[in-house]
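Enquirer: Would you be able to build a 3D model of this:
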Amino acid sequence: MALKWLLDRPGVAAPIVGARTVDQLTANLAATELTLEAEAADRLDQLSRPVPQKSYPYGDFGVAQRERFLDKGAQVVFEGVKDGADAPLKDRKG
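Expert: Just a heads-up that it's a prediction; the model follows:
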């Protein structure tokens, strides 16, 4: 079902199949014979829609980079926090 759904996606040129045996390859190629109902395709579309996270892709460090001050002389100081991520400690004029 997943391969058929990918085959039907407008931006996908060729889904990658991961088969180690001839039986697996045969099963994967059978996806071309399937017909997905519109409800199933819509549900898969909803489930696969990316959910943007504020800290994606670089965690707190990336958020700090996007929100840093770009004033001349402003400097963002980073310090490790409990979970090991980098987060801004404070802004200092240098």
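Enquirer: residues near L36, how many?
Expert: 16 (other C-beta atoms under 10 Å). Yep, even glycine has a C-beta here, placed from its N, CA and C like the rest.
Enquirer: does it really touch L7, like I thought?
Expert: No: judged on C-beta atoms under 8 Å, L36 makes no contact with L7 at a distance of 9.4 Å.
Enquirer: Next, the buried residues of the host helix or strand of R43.
Expert: Per DSSP states H and E: R43 is located in helix 38-48. By neighbour count on 16 or more other C-beta atoms under 10 Å, the buried set for helix 38-48 is A41, L44.
Enquirer: CA-only coordinates of whichever helix or strand comes after that helix in CSV, if you can.
Expert: On the C-terminal side of helix 38-48, the nearest following helix or strand under DSSP H and E is helix 59-67. What follows is helix 59-67, C-alpha atoms only, in CSV (Å, rounded to 0.1, in the frame of the first residue of the first chain):
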residue,chain,number,x,y,z
GLY,A,59,17.1,22.2,18.2
ASP,A,60,17.5,25.1,20.5
PHE,A,61,20.7,26.1,18.8
GLY,A,62,18.8,26.6,15.5
VAL,A,63,16.1,28.6,17.2
ALA,A,64,18.7,30.8,18.8
GLN,A,65,20.3,31.3,15.4
ARG,A,66,17.0,32.3,13.8
GLU,A,67,16.1,34.7,16.6
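Enquirer: Check which helices and strands helix 59-67 sits against.
Expert: Judged by 3 or more C-beta pairs under 8 Å, 6 or more residues apart in numbering; DSSP states H and E, the packing partners of helix 59-67 are strand 74-80, strand 86-93.
Enquirer: in this structure, which ranges drop under the pLDDT threshold?
Expert: Counting by pLDDT under 70, the chain shows low-confidence ranges at 56, 68-94.
Enquirer: Please parse it into its domains.
Expert: Listed domain ranges for the chain are 2-48, 59-93 (source: automatic domain parsing).
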